[in-house]
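[1] Give me a 3D structure for the following:
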Amino acid sequence: MHLNLIPLLLTLALAWPGPPVPVWPAGPPPALVWPVSPSPPEILRGWQPPPGPYAAGHRGVDLAAPPGTPVLAPAAGTVTFAGPVGGRGAVTLTLPDTGTPPLRTTFTPVTPLVPPGTVVTPGTPIAEVTAGTHCPRSCLHWGLLRGEEYLNPLLLTRRAPSRLLPLDDD
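    Have a look, this model is predicted:
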């Protein structure tokens, strides 16, 4: 190994955030799908957790999606809310067997397609994206909560592991 690479590798190792925080209580997560197509969708704005419970932040991710795009259940669950919140349509899907309190995933701005109490499987259409002012262009805001704590919904997705590639000496 080239000696000039050691500081770079050490810096990367110390700054590396490590594996994602598991959100399932035990074992692998169930089969999951992205809530909109194409899969994976373009992420317009990422998750930016606030420094405190009442501080400004972005408590979800914005996925590019034009109005009328079907919103799919990313996992099996029960629709526990479908209606307006702050003048925008919203849907909440509660995921079973995810601990106490259970995980809830939220979607806005949408027109709900199913009423509260509906049990769905992954990929079931639960809403349609509506026009909104949350993003500079049309998007779906996807949130994830455990109790009152907001989590990064991208923790629900499967991503290829990162790996280091050899440097070309040429």
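[2] Compute the first-to-last residue distance for stretch 45-54.
    With Cα to Cα, to the nearest Å as the measure, the first residue of stretch 45-54 is 20 Å from its last.
[3] Sorry, slip of the keys, the one I care about is stretch 58-70.
    Its start and end residues considered, stretch 58-70 measures 23 Å (Cα to Cα).
[4] tell me which residues in it are buried?
    For stretch 58-70, the neighbour count (16 or more other Cβ atoms under 10 Å) marks 58-65, 69-70 as buried. In this view, the C-beta of every residue, glycine as well, is placed from N, C-alpha and C.
[5] Name the nearest of these relative to residue 136.
    Out of these, the one with the shortest distance to residue 136 is residue 62. That distance is 9.6 Å, counting by Cβ to Cβ.
[6] Quick check: closest non-adjacent residue to the residue nearest the centre of the chain.
    For the chain, residue 153 is the residue whose C-alpha lies nearest the centre (Cα atoms, centre = their mean; 2.3 Å). Setting aside the residues directly before and after it, residue 153 is nearest to residue 144 in space (Cβ to Cβ, 6 or more residues apart in numbering), at 4.0 Å.
[7] Any stretches of this structure with poor pLDDT?
    1-31, 158-163, 168-170 (pLDDT under 70).
[8] For it, just list every one of the strands.
    In the chain, the strands defined using DSSP state E lie at 43-45, 61-64, 70-72, 77-85, 88-94, 103-108, 110-112, 119-120, 125-129, 139-146, 149-151.
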